[in-house]
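Colleague: Structural data only, the sequence is not supplied:
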């Protein structure tokens, strides 16, 4: 087996950690515009990292057959987008936070997750860190 479930889980959680760090950095960048903009970007980045962690734990919960694995993946994505939608509704509708920093936090977080999940694992394996594939 090339990759184990544990290696996939570690890779996903590493990508979530990168997403959280970048969410904080985007929030700090928007601090120039004021505390509401920084809060808006931080809420978007934090909720995206939290939702991605939920999706990863749900999708990579254990060894199951292919049909159940695909169902878990779809359910994880559904949970992720429901958490994000609820967060955006509360932040934009109830708290009246600015939408642009929130959108920037969401887009940057999604890009970082994609880059981290696709590039951190292969670079680590190519660099000789084969512990990823031992589990």
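Modeller: Ah, there it is. The structure presented is a predicted model; accordingly, all values stated were derived computationally and were not measured.
Colleague: Which of the three states applies to residue 62?
Modeller: coil (DSSP: H, G, I helix; E, B strand; the rest coil).
Colleague: That one: what's it in contact with?
Modeller: Applying C-beta atoms under 8 Å, 6 or more residues apart in numbering, we find residue 62 in contact with residue 5. The C-beta positions use only the backbone N, C-alpha and C, and glycine is treated the same way.
Colleague: Can you report how many residues lie near residue 74?
Modeller: Using other C-beta atoms under 10 Å, residue 74 has 12 other residues around it.
Colleague: State the three-state secondary structure for it.
Modeller: Following three-state DSSP, we place residue 74 in the helix state.
Colleague: ok, now residue 28?
Modeller: Assignment for residue 28 (three-state DSSP): helix.
Colleague: In contact with it: list those residues for me.
Modeller: Residue 28 makes contacts with residue 38, as judged by C-beta under 8 Å, 6+ apart.
Colleague: Try it again at 10 Å.
Modeller: 38, 41, 42 (C-beta atoms under 10 Å, 6 or more residues apart in numbering).
Colleague: Low-confidence ranges, this protein, go.
Modeller: Scanning the chain for pLDDT under 70 picks out the ranges 1-3, 121-135.
Colleague: residue ranges of the helices in it, please?
Modeller: Taking DSSP state H as the test, the helices found in the chain are 5-29, 35-59, 66-89, 99-126.
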